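Participant: Next input, structure requested:
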Amino acid sequence: MSVYVGNLSYEVTEASINSVFAEYGSVKRVQLPTDRETGRVRGFAFVEMSSDAEELAAIDALDGAEWMGRDLKVNKARPREERGSFGGNRSNGGFRNRY
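Facilitator: Numbering: from 1, shown residues only. Prediction:
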């Protein structure tokens, strides 16, 4: 499992997130999604730590904490929802019945 970190500053880096979470245990991986078009950080990250106990310690300490001028939102990450590649109604091939 991993930890979701939201409301991040757009100036944040993987290294800075790693250093903050390293205070609570061993960080295995940091994912910092960026916008496809601009390359700018999207304001959230996922942090994977070595154990659930380390993740819980980080969540307890950092949720609501002020960092880089923002109040962090830190909680257990939920599994990614399955989404189709196109919007619209899937039950009839994506086209609306006109009659």
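Participant: how about the closest residue to S26 other than its chain neighbours, phi and psi?
Facilitator: Counting by C-beta to C-beta, 6 or more residues apart in numbering, S50 is the residue found nearest to S26 once chain neighbours are left out, at 4.1 Å. Just so you know, the C-beta spots here come from the backbone N, C-alpha and C atoms, and that holds for glycine as well. Main-chain dihedrals, S50, degrees, to the nearest 10: phi -70, psi -30.
Participant: my guess is S50 contacts Y24, does it?
Facilitator: No. Look at S50 against Y24 with C-beta atoms under 8 Å: they stay out of range, at 10.4 Å.
Participant: on that earlier part again, how close does the residue nearest to S26 get to A58?
Facilitator: S50 is 11 Å from A58, where distance means C-beta to C-beta, to the nearest Å.
Participant: so what sits against both of these two?
Facilitator: With contacts defined as C-beta atoms under 8 Å, 6 or more residues apart in numbering, the residues shared by S50 and A58 are G25.
Participant: the more surrounded of the two?
Facilitator: Between S50 and A58, counted using other C-beta atoms under 10 Å, the more crowded position is A58 (22 against 11).
Participant: Distance-wise, check that one relative to K76.
Facilitator: Distance of A58 to K76, given as C-beta to C-beta: 11 Å.
Participant: Can you pull the residues that touch both of these two?
Facilitator: V3.
Participant: Let me see the ranges of the helices in the chain.
Facilitator: Ranges of helices within the chain are 14-21, 52-62, based on DSSP state H.
Participant: Extract the residue ranges of the protein that are flagged as low pLDDT.
Facilitator: For the chain, the stretches flagged by pLDDT under 70 are 84-99.
Participant: could you pull out the strands for it?
Facilitator: Secondary structure of the chain (DSSP state E): strands at 3-6, 27-31, 44-49, 66-67, 70-71, 73-76.
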